[in-house]
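Asks: The following comprises the amino acid sequence and a computationally predicted model.
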Amino acid sequence: MDAWGSCDSAGEAAPFVVRNQGQSATPVVLAVPHAGRAYGSTLVSALRDPAEAARRLEDRLVDGIAEELARRTGATLIVARAPRALIDLNRAPDDLDRDMIEPDPALPAFPPRARPGGVSRRVQGGLGLVPRRLPGMGELWRSRLPAADVLARIEEVHAPYHAAIEAALDAVAGQWGVALLIDLHSMPPLLPREPGQTTARYVLGDRFGSACRARLAALAFAHFAATGAPAAHNRPYAGGYTLERHARRAQGIEAMQIEIDRAAYLDTALAEPGPGWEEVVDTLTGLVGILGRDMADVAAAGRMTRAAE
């Protein structure tokens, strides 16, 4: 499968890369699922409008922000190189629109995810495991996708990416006793509900408290307020499959999703780094430091409690 055949500027053709493996300087793991730009020729030829699909689907250059955060903080980093057009790494492997797949009697069927309402709203809206359509663009693909190709995307990209996150969290938790996953995304600028209303520069998602402690969210919002950055909680982005799969609070592994307004760090065309890039990196560097220290304090308190018992 020619899925990620073209290398990026660093010469890397793997579907994802991992940084700062081994002894971690902080109990934080960063993940970036939607910034991949390694478009292979087969993928490009299958898309109706590759350039526009890429522009609309990518979390543009969030991987660059994450790379700088990992460099400054020593956090473990897992960043996708495979593009979201190929497969959405923040969707469940069965969160798939079967109507976009060419049937193959030799391969297993793709059942819808078991849920009371049938297929998810994301699939209904065209943004399932493999994106199908976008508002204003319609269908993304020239034809239905071969079942073998979709299976290969799941087995060669999706499964190992999430296995890498799980391994990184286990390694960090083994070192520190706890681990925090921060899943980094970017969002189009939010529209104000009323004229002149300030919109959020960051949206923190914790699946309405199920993925991390309320204290972590409170610390994050206190930091955003101190830096003058408007922030919102769970709306319109509460977190997806990555948080659902990897948060294991009973085992000391927590998770949150952070969406960054693209206008905050890109130029006016939302294409290249803009004047706010350093401010965003500084803000998030401070955030990783605060949350990492709190996680370390929790681990230390737990060790003291166990010793006293």
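Replies: Yep, it's here.
Asks: Only C-alpha atoms from now on, for both contacts and neighbour counts.
Replies: Fine.
Asks: what is the mean pLDDT for stretch 258-269?
Replies: Stretch 258-269 carries an average pLDDT of 97.
Asks: Also stretch 177-196?
Replies: 93.
Asks: try stretch 38-54
Replies: Stretch 38-54 shows a mean pLDDT of 94.
Asks: buried stuff in that stretch?
Replies: For stretch 38-54, the neighbour count (16 or more other C-alpha atoms under 10 Å) marks 38-40, 43-44, 47-48, 50, 53-54 as buried.
Asks: Repeat that for stretch 226-239.
Replies: Quick answer for stretch 226-239 (16+ other C-alpha under 10 Å): 229, 231-234, 237-239.
Asks: who touches that stretch?
Replies: 198-208, 221, 224-225, 256-257, 259, 283 (C-alpha atoms under 8 Å, 6 or more residues apart in numbering).
Asks: Equivalent analysis for stretch 170-185, please.
Replies: Contacting residues not belonging to stretch 170-185 are listed as 22-24, 27-34, 59, 62, 66, 169, 242-243, 247, 251-260, 292, 295-296, 298-299 [C-alpha under 8 Å, 6+ apart].
Asks: what about that stretch, distance to the chain center?
Replies: 15 Å (C-alpha atoms, centre = their mean, to the nearest Å).
Asks: Check stretch 177-188 too.
Replies: Chain-centre distance of stretch 177-188: 7 Å, with C-alpha atoms, centre = their mean.
Asks: Extract the C-alpha set from it and format it as CSV.
Replies: Extracted as CSV, the C-alpha positions of stretch 177-188 are listed here (Å, rounded to 0.1, in the frame of the first residue of the first chain):
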residue,chain,number,x,y,z
GLY,A,177,3.9,6.0,39.0
VAL,A,178,1.5,8.2,37.0
ALA,A,179,1.2,9.5,33.4
LEU,A,180,-0.8,12.2,31.7
LEU,A,181,-1.6,12.1,27.9
ILE,A,182,-2.1,15.4,26.2
ASP,A,183,-3.7,15.0,22.8
LEU,A,184,-2.9,18.1,20.7
HIS,A,185,-5.1,19.4,17.9
SER,A,186,-5.9,22.7,16.2
MET,A,187,-9.3,24.1,15.3
PRO,A,188,-10.6,26.7,12.9
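Asks: quick thing: my sequence starts at 384, can you match it?
Replies: Yes, from this point I'll number from 384; that puts the last item at stretch 560-571.
Asks: If you count neighbours, what's buried in it?
Replies: By 16+ other C-alpha under 10 Å, the buried positions in stretch 560-571 come out as 560-570.
Asks: mind listing which of these are in strands?
Replies: 562-570 (DSSP state E).
Asks: got these as CSV, with distance to A600 columns?
Replies: CSV is the format used below for these (distance: C-alpha to C-alpha, whole Å):
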residue, distance to A600
A562, 15
L563, 12
L564, 13
I565, 12
D566, 14
L567, 15
H568, 17
S569, 18
M570, 19
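Asks: In this protein, where is pLDDT below threshold?
Replies: 384-396, 491-501, 686-692 (pLDDT under 70).
Asks: Mind jotting down where the helices sit in it?
Replies: 424-429, 433-440, 445-456, 504-507, 530-536, 542-559, 597-609, 624-629, 645-648, 660-691 (DSSP state H).
Asks: Out of those helices, which is closest to P518?
Replies: Closest to P518 of the helices of the chain is helix 433-440 (C-alpha to C-alpha; 9.8 Å).
Asks: which residues are contacting that closest one?
Replies: By C-alpha under 8 Å, 6+ apart, helix 433-440 touches 417, 427, 430, 467-468, 523.
Asks: Just the CA trace of that helix, in CSV.
Replies: The C-alpha coordinates for helix 433-440 follow below in CSV (Å, rounded to 0.1, in the frame of the first residue of the first chain):
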residue,chain,number,x,y,z
PRO,A,433,-6.0,16.6,-2.6
ALA,A,434,-4.9,20.1,-1.9
GLU,A,435,-8.2,21.3,-0.5
ALA,A,436,-8.8,18.1,1.4
ALA,A,437,-5.4,18.4,3.0
ARG,A,438,-6.1,22.1,4.0
ARG,A,439,-9.4,21.2,5.5
LEU,A,440,-8.4,18.0,7.3
